[in-house]
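Chemist: Pasting the sequence and the predicted coordinates here, then a few questions.
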Amino acid sequence: MNAEEVGTNGRVALVTGASRGIGAGIARQLLDRGLRVAGTYRSGGELVGKLAADAPGRVLPVAFDLAAPDTAEALVEQVAGHWGRLDSLVLNAAVWQGGKLVRADPGDWWRVIEENLRSTAALVRAAIPWLAEGVNPSVVLVGSAVGTVGFPGDTAYASVKAAAVGFARSLAKELAPQGVRVNVLAPGFVETDMTAAIPEGARQKIADATVLGRFGTVEEIARAAVFLAEDATFCTGAVLAADGGWTL
């Protein structure tokens, strides 16, 4: 079955962290493709609400906190119950806290690991029964280029994103008999409100180390995520680098 044959078929996608940045960009592009989208937020619910106002009846704003993975099942049931199905899961939300290992508070370091990995596993586990009944079902984990090559001051976050690759590849093998594809998107440095705080000197060093000579845009990363979710029907267990060549 190719992408043209799949179509949208009333497909429903759940996108975490849809209130801003890459998550909001993914949600918008999925809406443009004709999907119905549930977008989670921890704060900034009014931003997801604006998406809902722009696409009446096709957006479901849902509160979710990565620190409360025990609520994942209720979240998935709320989304799937609202539309009667769930076809795509895009896990974009993440907890980040930087700092070199020797100076990092151990509690903060482990919080990054635990909140990210536990929420990922809980959301996927809750979604599997619905995805298995979906059309062109897919899971996309938004990872990071730092999970491939590392970055100073990012040991916890890089560990999470490296773990996402092993998780996705193992899950891809588990879910293949049910027709569910599982892939990872690994963005590089992207122009968002988070990276806007990077000092100009450091920004220039990053741009100089990137083959394309610049940061990516939210729209570029969102297109890559939507490709994995919607169009890459013969890809599973893949890691797509969208980093402008930063990891080359």
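Modeler: Cool, got the structure.

Chemist: hey, let's count contacts and neighbours off CA atoms from now on
Modeler: Will do.

Chemist: For the most centrally placed residue in the chain, give me its contacts.
Modeler: Geometric centre of the chain, nearest residue: residue 92, 2.3 Å, by CA atoms, centre = their mean. Residues near residue 92 by CA atoms under 8 Å, 6 or more residues apart in numbering: 15, 16, 17, 18, 22, 23, 141, 142, 143.

Chemist: Kindly check the end-to-end length of stretch 88-106 for me.
Modeler: Terminal residues of stretch 88-106 are spaced 35 Å apart (CA to CA, to the nearest Å).

Chemist: Same question for stretch 207-219.
Modeler: Per CA to CA, stretch 207-219 runs 18 Å from first to last residue.

Chemist: Show the subsequent helix or strand relative to the helix or strand bottoming out on mean pLDDT in the chain.
Modeler: Every helix and strand of the chain was ranked by mean pLDDT, DSSP states H and E. The lowest is helix 3-6, at a mean of 42. The C-terminal neighbour of helix 3-6 among helices and strands, as given by DSSP states H and E, is strand 12-15.

Chemist: tell me what that next one is packed against?
Modeler: Packed against strand 12-15 by the contact rule (3 or more CA pairs under 8 Å, 6 or more residues apart in numbering; DSSP states H and E) you find helix 21-32, strand 36-41, strand 88-91.

Chemist: Show me how far that strand is from its chain's centre.
Modeler: 11 Å (CA atoms, centre = their mean, to the nearest Å).

Chemist: How many residues are close by residue 37?
Modeler: 30 (other CA atoms under 10 Å).

Chemist: Same check on the one 3 residues further on?
Modeler: Residue 40 is flanked by 27 other residues according to other CA under 10 Å.

Chemist: Against residue 51, how distant is it?
Modeler: 12 Å.
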